[in-house]
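>>> let me see the structure of the following:
(one chain, ligands or ions: 1)
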Amino acid sequence: MRIPMFLVLVPLMLLAGCSTQSTRPAPDYTHLARPSAARVGGDFAGAPGVDGFIERMRRHGFEPERTAAILSKARRQQSIIDLMDRQAPSKSTGPNGAWTRYRAKFLSDESIGNGVAFWRRNASALDRAAARYGVPPEYMVAIIGVETRYGGFVGKTRIIDALSTLAFAYPRRAEYFTGELENFLIMTRDEGVDPQSPRGSFAGAMGLGQFMPSSFRDHAVDLNGDGHRDLWNPADAIGSVANYFKQHGWQTGEPVAVRAQVGPGSNARLMKTGFNTSYGLGELSSRGITPARPIGRAGSVSLLELDAKGGYEYWLGLKNFYVITRYNHSTYYAMAVHQLAQAIRSRMGGADGARLSAAP
Ligand SMILES: [Ca+2]
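Presented below is the predicted three-dimensional model:
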């Protein structure tokens, strides 16, 4: 998430360009503007959607002049558009060990050790969030580990630039990001933050848990009790992740995913797989697929297929696995979070085992 060098260079090039521009005065279009429309200057002057957005913010109590002043200082960044275009999902053409490579990015020895250190630094907040929301600490730690390396990489793009660029210069996702920009401005007003200052990912995600503004509005909490919901504060970020899970249906004390045993002659390879699938245990059993350990009262489960080096792995995803995919709609993402959580808890088990047993 470091700022590429060309981003630093662009403003210098624009500056250099200015010195060679003609001194002819710019044409005056003021007579064309609607009398009530506030004027937006800068990169988004006249951009499609800007006038409508100003009207939309008026409904939240933002005077048009205020919204226009904020947008006038936002910058259109081509690099954000280029990065979004590169996000297009690529169809897997396995078997090629994609899961093994993905897993290695998050479950290195170093990452597990850093997770343990993060847990120790934030033990009281994790305990409080676990007690309040019923989500085990290791899942909050693992989400923050996967999202931002435990807060080490929270992103350096100005959120106002990211969301304005995607709302007004990226038509494919304009509707979604216009809503996120709307929620972002409300967030900064409610929290007393200058809209020009928060930084995060090129897609507008913020803080240790990389919350989008709409998730901030719906799910963020003030766990440390200072009167602010602050996504960059570890305690608030931990509480917010836990609350996000609870509100999406986390089932306290229930398992997340269980390895499946696939009998000889099973046709698992031909079955529909992924976090969105739903099978009864009896149906799976009749196809030669059984849980490697008992999973209690699970009504239906998803069948998960991981393209592991050396052969496909099959797992059964329970309700809590699905809840993790509400954070990121990806089987591999949720499985990495689950396995990282288990690895961190297991390593914590030695010295802190007794204290941990109090967690749900
Ligand atoms: Ca707070």
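>>> list the contacts of the residue most central in space within the chain.
Centroid check for the chain by C-alpha atoms, centre = their mean gives residue 210 as the closest residue, at 4.6 Å. By C-beta atoms under 8 Å, 6 or more residues apart in numbering, the contact set of residue 210 is 147, 148, 154, 155, 200, 201. To be clear about C-beta, it is placed using only N, CA and C from the backbone, and glycine gets the same treatment.
>>> redo that, cut-off 10 Å
Residues in contact with residue 210 (C-beta atoms under 10 Å, 6 or more residues apart in numbering) are 143-144, 146-148, 153-155, 200-201, 203-204, 231, 237, 241, 327-328.
>>> contact residues of this protein facing the ion?
By C-beta under 5 Å from the ion, the part of the chain that sits against the ion consists of 222, 224, 226, 228, 230, 236.
>>> just the buried ones among the contacts of residue 210, please.
143-144, 146-148, 154-155, 200-201, 203-204, 231, 237, 241, 327 (16 or more other C-beta atoms under 10 Å).
>>> show me the residues you listed that map onto helices.
Under the assignment DSSP state H, the buried ones among the contacts of residue 210 contribute 143, 144, 146, 147, 148, 237, 241 to helices.
>>> report the contact partners of the second one.
Same thing as residue 144. By C-beta under 10 Å, 6+ apart, the residues touching residue 144 are 115, 118, 122, 150-152, 207-210, 234, 237-238, 241.
>>> those residues, buried ones only, as a ChimeraX selection?
Buried residues among the contacts of residue 144 (16+ other C-beta under 10 Å), as a ChimeraX selection:
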select :115,118,122,150,151,207,208,209,210,234,237,238,241
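>>> tell me the contacts of residue 304?
99, 257-260, 273-275, 277, 313-317, 321, 331-332, 334-335.
>>> in strands, which of these fall?
If you go by DSSP state E, the contacts of residue 304 have 257, 258, 259, 260, 313, 314, 315, 316, 317 in strands.
>>> who are the packing partners of whichever helix in the chain runs longest?
Counting by DSSP H, the longest helix found in the chain is helix 331-356. Here helix 331-356 touches helix 98-106, helix 109-121, helix 123-133, helix 137-148, strand 257-262, strand 300-308, strand 311-317, helix 319-325, going by 3 or more C-beta pairs under 10 Å, 6 or more residues apart in numbering; DSSP states H and E.
>>> find the one among these with the highest mean neighbour count.
Among the helices and strands packed on helix 331-356, the stretch with the highest mean neighbour count (mean count of other C-beta atoms under 10 Å) is helix 137-148, at a mean of 26.
>>> from the ion, how far out is residue 187?
Going from residue 187 to the ion by C-beta to the ion, to the nearest Å gives 13 Å.
>>> make that residue 247, sorry
Residue 247 is 18 Å from the ion, by C-beta to the ion.
>>> got it, and residue 121?
Per C-beta to the ion, residue 121 is found 17 Å from the ion.
>>> what pLDDT does residue 17 get?
We have a pLDDT of 30 for residue 17.
>>> could you do residue 211 as well?
The per-residue pLDDT reported for residue 211 equals 98.
>>> what sits against it?
By C-beta under 10 Å, 6+ apart, residue 211 lies in contact with 147, 187, 200, 204-205, 217-220, 229, 231, 237, 240-241, 244, 327.
>>> which residues are in contact with the residue lying closest to residue 249 once chain neighbours are set aside?
Of all residues not flanking residue 249 in the chain, residue 323 sits nearest, at 5.5 Å (C-beta to C-beta, 6 or more residues apart in numbering). Residue 323 is in contact with 135, 139, 244-251, 254, 256, 334, counting by C-beta under 10 Å, 6+ apart.
>>> switch the cut-off to 6 Å
Neighbour list for residue 323: 245, 248, 249, 250 [criterion: C-beta atoms under 6 Å, 6 or more residues apart in numbering].
>>> looking at the contacts of residue 211, spot the one nearest the ion.
residue 229 (6.0 Å; C-beta to the ion).
>>> ok so that closest one is a helix residue?
No: assigned with DSSP: H, G, I helix; E, B strand; the rest coil, residue 229 falls outside any helix and is coil.
>>> and residue 140, how far from the ion?
Applying C-beta to the ion to residue 140 and the ion gives a distance of 15 Å.
>>> what separation do you get for that residue and residue 345?
Applying C-beta to C-beta, to the nearest Å, the value for residue 140 to residue 345 is 12 Å.
>>> then residue 162?
Distance, residue 162 to residue 345, using C-beta to C-beta: 34 Å.
>>> export the residues of the chain next to the ion to CSV and tack on distance to residue 167, neighbour count and pLDDT?
Output for the residues of the chain next to the ion, formatted as CSV (distance: C-beta to C-beta, whole Å; neighbours: other C-beta atoms under 10 Å; pLDDT from 0 to 100):
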residue, distance to residue 167, neighbour count, pLDDT
222, 28, 15, 98
224, 32, 18, 98
226, 31, 11, 97
228, 26, 14, 96
230, 24, 20, 97
236, 26, 25, 98
